[in-house]
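Novice: Sequence and predicted model, in that order:
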Amino acid sequence: MAQSCDVLIVGGGIAGLSLAARLGNDMQVAVVEAESALAYHASSRSARQLQPSHGPLPIRTLTGRTIAAVEDISAHIGRRILNDRPLIFTGTEDDVAARLAASDVLQRISVDEALSRSPELRPEAVQAAALDDSALQVEADVLLDYYRDQALGAGVQIHCNAPVHTAQQVSAGWTVGAGEEAFHAGTVVNAAGAWADPLAIIFGVRILGLEPYRRTAAVVDTSRPVAEDGHMIRGADGSFYYRPEGTQLLISPCETVASQAEDAQPITADVDRLVERINSATTFSIKNIVRSWTGLRTEPGDGLPMVGYDEEAPDFFWLAGQGGYGIQTSWAMADLAASLITGSTTDADPVAKALSPLR
Ligand SMILES: Cc1cc2nc3c(=O)[nH]c(=O)nc-3n(C[C@H](O)[C@H](O)[C@H](O)COP(=O)(O)OP(=O)(O)OC[C@H]3O[C@@H](n4cnc5c(N)ncnc54)[C@H](O)[C@@H]3O)c2cc1C
């Protein structure tokens, strides 16, 4: 017999869990996750950065709101789960100027200041530099547990091993088969990450062109000691970033390579090339790779997430396409989605308008 709920959220990553936490007290909510564990895909594979200078204006607005909310969550937990992690872009004059032009948060700093803040940088690799002094790092695992616990505390039913395989539109909502479970839901939320378009196909809903892109990261040991409170450094040309991970270094080639929706895995040659790139820009002298992983960042052509009801399919709500911003916008994007679902915000809200699937 089908279980009834007001809202069925498909996807137990940070998008689905944050929405369940936000909506659980107002409506009867269930979450279905295909994997045996929550947040198995992109949400457990991020660099865990909250960068106020990152992304277009609607993203920066949501990031600011999320940072304020995570400060409140820290107070609730009794421990600050945010750490200051100032970010420096380095590279050629042209590349740094382009970064400065795209952000009202970044400020130019001199090459000498960049080298004194991050003495491991090779002087010949830094023609110019820009600083985001407000960038933060979050304990994303704790944030995910908080969202899950808030949802469970509000009575949300969370089902793992429950991939959605069938869906049918009925007079008031949808009947949905997920693993061994069956649901009748007034509204279905598509929070399926890289599988957002494939999920729409199961529902017979027009896809929105959400493309998954690979992004690899690795943790490495270095010959030169890593300062645990050191800066995050990004190549202004988008060819690498690194930051301390305890006494080790977290590194990424920042690649954006189209992929199918899958359990993405790193390619050894990519990681080896990345090590060479970081060794050429710094004096860290990377000794060995401790672990590496790849996740999928999924976004539509214009790079902005899709948050809102589908244009044609009634009661089908998109919460997808977060790209590289899903952690840093999580609370505010869930708040926006919940407000649209409960009707307390309309598409007229400027951020809602920018992220609407109707745009
Ligand atoms: C290397 C890397 C670094 C990153 N760094 C950052 C960062 O510093 N800051 C930041 O903000 N973001 C970062 N991101 C992006 C961030 O990780 C994502 O935007 C975010 O995790 C997306 O969350 P999600 O819940 O939409 O997707 P996911 O976590 O992938 O969750 C979607 C879930 O839906 C489930 N699902 C799919 N189909 C079905 C189905 N049919 N039935 C049931 N369940 C289904 C999947 O199993 C999956 O668990 C990074 C990403 C990568 C890969």
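Specialist: Cool, got the structure. Numbers count the residues shown, from 1 in each chain.
Novice: buried sites along stretch 237-249?
Specialist: Neighbour-count burial for stretch 237-249 flags 237, 239-245, 248-249 (criterion: 16 or more other CB atoms under 10 Å). Every C-beta, even on glycine, is put in place using the N, C-alpha and C of the backbone.
Novice: With stretch 177-193 instead?
Specialist: Under 16+ other CB under 10 Å, the buried positions of stretch 177-193 are 177-178, 181, 183-193.
Novice: Stretch 73-83 now?
Specialist: So, applying 16+ other CB under 10 Å, buried residues of stretch 73-83: 73-74, 77, 81-82.
Novice: can you give me the mean pLDDT across the stretch of helix or strand Arg215 belongs to?
Specialist: Assigned by DSSP states H and E, Arg215 belongs to strand 211-222. With pLDDT averaged residue by residue, strand 211-222 scores 98.
Novice: ok, now stretch 171-186?
Specialist: The model assigns stretch 171-186 a mean pLDDT of 96.
Novice: so how far is it off the chain centroid?
Specialist: Offset of stretch 171-186 from its chain centre (CA atoms, centre = their mean, to the nearest Å): 27 Å.
Novice: do the same with stretch 153-169
Specialist: 22 Å.
Novice: what residues are up against the residue in the stretch 101-250 of the chain that the ligand sits nearest to?
Specialist: The stretch 101-250 of the chain approaches the ligand most closely through Gly193 (2.7 Å), counting by CB to the nearest ligand atom. Contact analysis of Gly193 by CB atoms under 8 Å, 6 or more residues apart in numbering lists 11, 13, 15, 41-43, 261, 296, 298, 320, 322.
Novice: now Thr222
Specialist: So Thr222 contacts 248-249, 284-287 (CB under 8 Å, 6+ apart).
Novice: Strands along the stretch 251-359 of the chain, start to end?
Specialist: Ranges of strands in the stretch 251-359 of the chain, per DSSP state E, counting those that start in this stretch, are 257-258, 286-299, 306-309, 316-320.
Novice: Which elements pack onto the last one?
Specialist: The elements that strand 316-320 packs onto, with contact taken as 3 or more CB pairs under 8 Å, 6 or more residues apart in numbering; DSSP states H and E, are helix 14-23, strand 181-190, helix 196-202, strand 306-309, helix 330-342.
Novice: where along the stretch 1-150 of the chain do the strands fall?
Specialist: Going by DSSP E, counting those that start in this stretch, the stretch 1-150 of the chain shows strands at 3-10, 29-32, 49-50, 82-84, 87-91, 107-109, 128-132, 136-138.
Novice: tally of neighbours for the closest residue to Glu299 other than its chain neighbours?
Specialist: Using CB to CB, 6 or more residues apart in numbering and skipping residues adjacent in sequence, the residue nearest Glu299 is Gly323, 3.6 Å away. When neighbours are defined as other CB atoms under 10 Å, Gly323 has 21 of them.
Novice: Many thanks, we can stop here.
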